[in-house]
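In: Based on what follows, work out the 3D shape:
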Amino acid sequence: MRPRAHKLADLMDRAEMDVLAYMDFPQAHRAKLHSTNPIERLNGEIKRRTEVVGIFPNEAAITRLIGAILLEQNDEWARARYMTLETIATMGDDPLTSLPPVAAA
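Out: I've put the predicted structure just below:
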């Protein structure tokens, strides 16, 4: 690819650390971090619920609704143990502050 698209190849070389940042996490989390399915599902749920309301009286109303949806999703992911501090604890001494170098930047 480099001879035909040298700018693209250079861009990919510079982005390698960002693109592969998920590889610094424990193997059990990699598929979850690599996939956009949870984000797409969350965006779909937000769209579905906002379309039911139709017109919001003000910006605070939509912020409350989306905030409630995000809190529900957080609770659901916590119940399903989607990604917990216990499973990230293997990444460092203190799971609250130890992140991969790329994620900490």
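In: Give the buried residues for stretch 55-70.
Out: Within stretch 55-70, the residues that qualify as buried by neighbour count (16 or more other CB atoms under 10 Å) are 65, 69. For every residue, glycine as well, the C-beta is placed using N, CA and C.
In: do the same with stretch 8-23
Out: Of the residues in stretch 8-23, those buried under the neighbour-count criterion (16+ other CB under 10 Å) are 21-22.
In: In CSV, list the C-alpha atoms belonging to that stretch.
Out: Output of stretch 8-23 as CSV, limited to C-alpha atoms (Å, rounded to 0.1, in the frame of the first residue of the first chain):
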residue,chain,number,x,y,z
LEU,A,8,-2.4,6.9,4.1
ALA,A,9,0.5,4.6,5.1
ASP,A,10,2.1,7.4,7.1
LEU,A,11,-1.2,8.2,8.8
MET,A,12,-1.6,4.6,9.7
ASP,A,13,2.0,4.4,11.1
ARG,A,14,1.3,7.4,13.3
ALA,A,15,-2.1,6.1,14.5
GLU,A,16,-0.8,2.6,15.3
MET,A,17,-0.6,3.2,19.1
ASP,A,18,-4.1,4.7,19.2
VAL,A,19,-5.7,2.0,17.1
LEU,A,20,-4.1,-0.8,19.2
ALA,A,21,-4.6,0.8,22.6
TYR,A,22,-7.2,-1.8,23.5
MET,A,23,-4.5,-4.5,23.4
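In: what about that stretch, average pLDDT?
Out: Predicted confidence along stretch 8-23 averages 89 (mean pLDDT).
In: what do you get for stretch 79-90?
Out: 66.
In: Renumber starting at 47 from here on
Out: Shifting the count to begin at 47 puts that one at stretch 125-136.
In: Surely residue 55 touches residue 62?
Out: No - contact criterion CB atoms under 8 Å: residue 55 and residue 62 do not qualify, at 11.1 Å.
In: Check the protein for its longest helix and report it.
Out: Identified as the longest helix of the chain according to DSSP state H is helix 105-125.
In: Show me what that helix is packed against.
Out: Judged by 3 or more CB pairs under 8 Å, 6 or more residues apart in numbering; DSSP states H and E, helix 105-125 is in contact with helix 83-99.
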